[in-house]
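K.L.:
I'd like to go over a predicted model; first the sequence, then the structure.
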Amino acid sequence: MTEKVPLIRLAKREDMARSRIWLIRLLAFVLALILGGLVFVIAGADPITAYSTMVAGSLGKVTGIRQVVKVAVPLLGTALALAPCFAMRYWNIGAEGQITMGAMMASFFALKMVNAMPSPVLLIVMGISAALMGALWAGIPAFFKAHWGTNETLFTLMMNYIAIGIVGWLQGGPWEGKPGSQIIPMFDEKAVLPSVFGVHIGWIIVLILTFLMYIYMTKTKHGYEIAVLGESENTARYAGMDVRRVMLRTACLSGGIAGLVGFMICSGADETLYQTVAGGVGFTAITVTWLAQLNPFAMIAISLLLAILSKGASTIQTTMGVPASISDIITGIILLCMLGCEFFINYKMIFRGHEEHPLAPTTAQNTEVPGVSPEAVKEVKA
């Protein structure tokens with residue numbers, strides 16, 4: 001009975017030249033721009049004018065650049081938070097809730113303790129409390145995963161909605177400003193992050209975190225343990241690692257950074273707290289992390305690219321009358337093409353009839369036998 005060979009098989013690629021990898025990524029980006037141009041044509045706009053307007057609106061003025069940085073800061077911070085978890089193959093989909101809970105805890109001190117301490121101390125306390133709350137929120141599903149093997153993807157996802165619900169209750173209840181407004185009051189100046197070059201100092205914090213995360217992931221024992229656990233849990237156990245401890249530690253680190261991002265959003269960008277404080281950053285950052293292949297420095301460029309698209313969307317809406325939602329479509333196309341190219345970088349498709357047979361003899365195969373002359377080999381074959 002002959003074995004049925006599938007029409008297409010997937011095989012893992014071994015090593016590909018770095019120049020070829022970047023060529024594939026460049027072609028994927030160009031393809032995304034072409035497909036995005038078709039979307040603009042369908043919307044009745046000139047693609048070249050639309051793209052140039054988006055870039056000019058984002059980078060053409062100082063105010064535009066500042067807005068781009070403000071959008072990129074939480075994206076980059078959250079991507080850094082997710083990197084160690086994803087390297088460990090622990091799928092933390094709860095950054096949205098961890099950001100929200102971090103912002104909530106920072107807001108507590110901003111609203112209730114603003115007159116109890118000077119501004120620098122208050123901001124430090126807000127940041128530390130936000131990080132601790134984010135770590136606690138992330139540690140709950142990690143504890144269940146480590147001890148009872150629960151599904152962390154669903155667990156962390158569901159905790160997002162619990163966090164949003166808690167802030168929603170505070171917004172319309174204990175922390176409501178004017179009765180019936182469903183709005184939490186704006187923070188006092190003492191609870192607002194100072195600015196550097198027109199942008200709150202969160203951009204400095206995330207750049208420092210980028211460098212520290214690179215060191216942590218590549219140069220430390222903890223980073224090595226994360227990498228080993230990501231490759232094989234059995235190998236990690238065989239090597240004597242405490243898998244539960246590594247899992248809990250990494251998840252809490254991830255949640256702590258996400259909570260710190262929540263502090264930067266509420267104290268730096270919004271200067272208040274509201275139910276959707278995370279604004280979808282926790283989900284978008286997942287894509288940033290994967291596109292960067294867990295490289296902290298690559299996350300900077302990808303976060304800036306998405307921020308430029310977001311800021312450029314409002315520009316084309318006001319100047320060209322193109323719906324801002326078009327930018328979401330363009331962003332989705334770019335992300336789809338960039339993620340798709342990673343598939344072709346890591347895997348190859350083998351079609352039926354083109355299978356490789358490494359053991360099969362070929363005309364180019366070396367027929368020399370050590371200690372035996374080529375003529376003698378030919379006589380034996382004859």
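P.N.:
Looks like it came in fine.
K.L.:
list the buried residues of the helix or strand where Phe29 lies.
P.N.:
Assessed by DSSP states H and E, Phe29 sits inside helix 18-42. Neighbour-count burial for helix 18-42, counted by 16 or more other Cβ atoms under 10 Å, picks out 25, 28, 31-32, 36-37, 39-40. Using the backbone N, CA and C atoms, a C-beta is placed for each residue, glycine as well.
K.L.:
show me what that helix is packed against.
P.N.:
helix 47-59, helix 325-346 (3 or more Cβ pairs under 8 Å, 6 or more residues apart in numbering; DSSP states H and E).
K.L.:
contacts for it?
P.N.:
Helix 18-42 has contacts (Cβ atoms under 8 Å, 6 or more residues apart in numbering) with 46-48, 50-51, 322, 326, 329-330, 333-334, 336-338, 340-341, 344-345.
K.L.:
can you list the domains in the protein?
P.N.:
Per automatic domain parsing, the structural domains of the chain span 8-16+346-381, 69-301.
K.L.:
average model confidence for the shortest one?
P.N.:
It refers to domain 8-16+346-381. Average pLDDT, domain 8-16+346-381: 59.
K.L.:
mean pLDDT lowest for which of the domains of the chain?
P.N.:
Across the domains of the chain, the lowest-scoring stretch is domain 8-16+346-381, with a mean of 59.
K.L.:
next one: stretch 113-124 to chain centre, how far?
P.N.:
32 Å (Cα atoms, centre = their mean, to the nearest Å).
K.L.:
next, the buried residues of that stretch.
P.N.:
114, 122-123.
K.L.:
over to stretch 324-343?
P.N.:
Buried residues in stretch 324-343 (16+ other Cβ under 10 Å): 326-327, 329-331, 333-335, 337-338, 341-342.
K.L.:
ok, these vs Ile164, which is closest?
P.N.:
Thr331 (23.1 Å; Cβ to Cβ).
K.L.:
out of everything not next to it in sequence, what's closest to that closest one?
P.N.:
Leu309 (5.0 Å; Cβ to Cβ, 6 or more residues apart in numbering).
K.L.:
pLDDT wise, what is that neighbour at?
P.N.:
pLDDT, read off for Leu309, is 85.
K.L.:
OK, contacts around it?
P.N.:
54, 327, 330-331, 334.
K.L.:
okay, and Met133 sits in which element?
P.N.:
Counting by DSSP H and E, Met133 is part of helix 119-148.
K.L.:
next secondary structure element downstream of that helix?
P.N.:
helix 152-171.
K.L.:
show me what counts as buried in that next one.
P.N.:
Buried-residue list, helix 152-171, by 16+ other Cβ under 10 Å: 152, 155-157, 159-160, 163-164, 167, 170-171.
K.L.:
list just the nearest of these to Thr100.
P.N.:
Using Cβ to Cβ, those come closest to Thr100 at Ala163, 4.2 Å.
K.L.:
give me the number of residues near the nearest residue to that closest one once chain neighbours are set aside?
P.N.:
Counting by Cβ to Cβ, 6+ apart, Ala163 lies nearest to Gly97, which is 3.6 Å off, once chain neighbours are set aside. Using other Cβ atoms under 10 Å, Gly97 is surrounded by 30 other residues.
K.L.:
and the helices in the stretch 251-382 of the chain?
P.N.:
281-291, 296-320, 325-346, 374-381 (DSSP state H, counting those that start in this stretch).
K.L.:
between the ones you listed, which one is nearest to Leu75?
P.N.:
helix 296-320 (4.1 Å).
K.L.:
distance between that closest one and the chain's centre?
P.N.:
Taking mean C-alpha positions (Cα atoms, centre = their mean), helix 296-320 and its chain are 15 Å apart.
K.L.:
next: stretch 101-116.
P.N.:
For stretch 101-116, the distance to the chain centre is 27 Å (Cα atoms, centre = their mean).
K.L.:
ok, stretch 146-160 next?
P.N.:
Counting by Cα atoms, centre = their mean, stretch 146-160 comes out at 19 Å from the chain centroid.
K.L.:
ok, and what's touching that stretch?
P.N.:
So stretch 146-160 is contacted by 90-94, 96-97, 100, 137-138, 140-142, 144-145, 243-244, 247-248, 282 (Cβ under 8 Å, 6+ apart).
K.L.:
in stretch 174-192, what counts as buried?
P.N.:
Neighbour count says stretch 174-192 has 175, 184, 187, 191-192 buried, by 16+ other Cβ under 10 Å.
K.L.:
run through who's touching it.
P.N.:
107, 109-111, 114, 118-119, 122-123, 126, 170-172, 200, 266-268, 271-274.
K.L.:
CSV please, covering the helices and strands packed on helix 18-42 and showing distance to Ser232.
P.N.:
Below are these laid out as CSV (distance: least, Cβ to Cβ, whole Å):
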stretch, distance to Ser232
helix 47-59, 43
helix 325-346, 18
